[in-house]
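> below is the sequence, then the predicted model.
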Amino acid sequence: MHHSIEIENLSFEYPDGTPALREVSLSISPGEKVALVGPNGAGKSTLILHLNGILGGHGSVRVCGLEVVKENLGRVRSCVGLVFQSPEDQLFSPTVFDDVAFGPLYQGLSREQVLQNVDEALEAVHMLAYKQRVSHHLSMGEKKRIAIATVLSMHPEVLVLDEPTGGLDPRSRRSLIHLLKELPLTMLVSTHDMHLVHEIFPRMIVLDEGRVVADGPTQDLLNNTTLLNDHGLEKP
């Protein structure tokens with residue numbers, strides 16, 4: 001059985017030569033929910049953007065058994081649902097329906113199948129009643145849910161989220177945590193929210209200065225005070 005995500009010796013430099021990732025290796029099995037944590041500038045977002053080919057460094061990246069190379073990008077992006085930190089990067093259509101239908105239409109699905117996928121995705125994030133609403137008039141918490149629905153509508157195998165609870169008030173945050181718990185997908189989530197990590201993710205990967213400095217059971221790593229202090233992390 002293939003890993004959902006497999007990264008070997010991935011290195012990446014910004015155009016000015018600053019290293020962002022240094023020989024990162026990790027693998028995530030189907031069904032695993034994994035948190036990616038580390039201080040600002042650790043390389044978390046850079047790593048995530050390699051999973052569907054937005055960025056390309058040196059090394060090997062495979063998702064759902066497919067190498068992330070130009071000729072596979074269409075299939076890779078169907079496998080990996082990437083939800084950006086700001087929902088504004090994902091919502092650009094006149095209505096919620098149009099936003100969520102965009103991916104399935106792009107995949108060339110029939111009208112019936114598109115309608116079904118949209119309803120299923122909105123149902124999964126508890127937003128079916130919002131189908132005809134204007135995305136830009138929604139609250140931040142609602143926009144985050146719609147952004148997740150835009151990738152769920154393409155039936156990905158893996159869900160990758162960048163700072164999903166950023167900018168949310170306590171009620172929206174709690175409701176998003178419940179949603180992420182419910183979703184039966186392989187998940188990699190980059191976050192500073194250690195309460196979220198503690199609550200949902202059995203495994204945690206710590207990235208700092210572009211390197212994996214720890215990878216193991218969340219509870220064990222959260223009990224390692226030295227590790228947390230050394231890498232600017234707070235115990236929840």
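Thanks, I have it. Just so it is clear, the model here is predicted, and its values are computed rather than measured.

> touching, Glu6 and Ser27? I think so.
Yes. Here Glu6 reaches Ser27: they are 4.6 Å apart, a contact under Cβ atoms under 8 Å. Where C-beta positions appear, they are placed from N, C-alpha and C, glycine not excepted.

> which of those two has more neighbours?
Taking neighbours as other Cβ atoms under 10 Å, Glu6 and Ser27 compare with Glu6 leading, 18 against 15.

> sec struct for that one, please.
Under the three-state scheme (DSSP: H, G, I helix; E, B strand; the rest coil), Glu6 adopts strand.

> starting at the chain centroid, how far to the worst-scoring helix or strand of the chain on mean pLDDT?
Sorting the helices and strands of the chain by mean pLDDT, DSSP states H and E puts helix 73-79 at the bottom, at a mean of 88. Put simply, helix 73-79 sits 14 Å off its chain's centre (Cα atoms, centre = their mean, to the nearest Å).

> identify the residues contacting it?
By Cβ atoms under 8 Å, 6 or more residues apart in numbering, the surrounding residues in contact with helix 73-79 are 52-53, 63-64, 66, 68, 107, 154-158.

> so which of those residues is the closest to Arg22?
Nearest to Arg22 among those, counting by Cβ to Cβ, is Val68 at 18.6 Å.

> ok now do Asp119, which residues does it touch?
Asp119 neighbours (Cβ under 8 Å, 6+ apart): 128, 131.

> that one belongs to a strand?
No. Counting by three-state DSSP, Asp119 is not found in a strand; it is helix.

> pLDDT at it, what is it?
Listed pLDDT for Asp119 reads 96.

> hang on, the earlier thing: so which of the contacts of helix 73-79 is surrounded by the most neighbours?
For those, the largest number of neighbours (other Cβ under 10 Å) sits with Val63, at 29 neighbours.

> hang on, that residue packs against Pro156?
No. Using Cβ under 8 Å, Val63 makes no contact with Pro156, being 9.7 Å away.

> which residues do those two both contact?
Common neighbours of Val63 and Pro156 (Cβ under 8 Å, 6+ apart) are 79-80.

> for Leu36, which three-state class applies?
For Leu36, the assignment made with three-state DSSP gives strand.

> tell me how many other residues crowd the residue nearest to Pro202 when sequence neighbours are not counted.
Counting by Cβ to Cβ, 6 or more residues apart in numbering, Pro202 lies nearest to Thr218, which is 5.9 Å off, once chain neighbours are set aside. Neighbours of Thr218 under the rule other Cβ under 10 Å: 22.

> show me what contacts the closest residue to Leu185 other than its chain neighbours?
The spatially closest residue to Leu185, leaving aside those adjacent along the chain, is Leu159, at 4.6 Å (Cβ to Cβ, 6+ apart). Taking Cβ under 8 Å, 6+ apart as the criterion, Leu159 is in contact with 81, 83, 148, 151-152, 183, 185-188.
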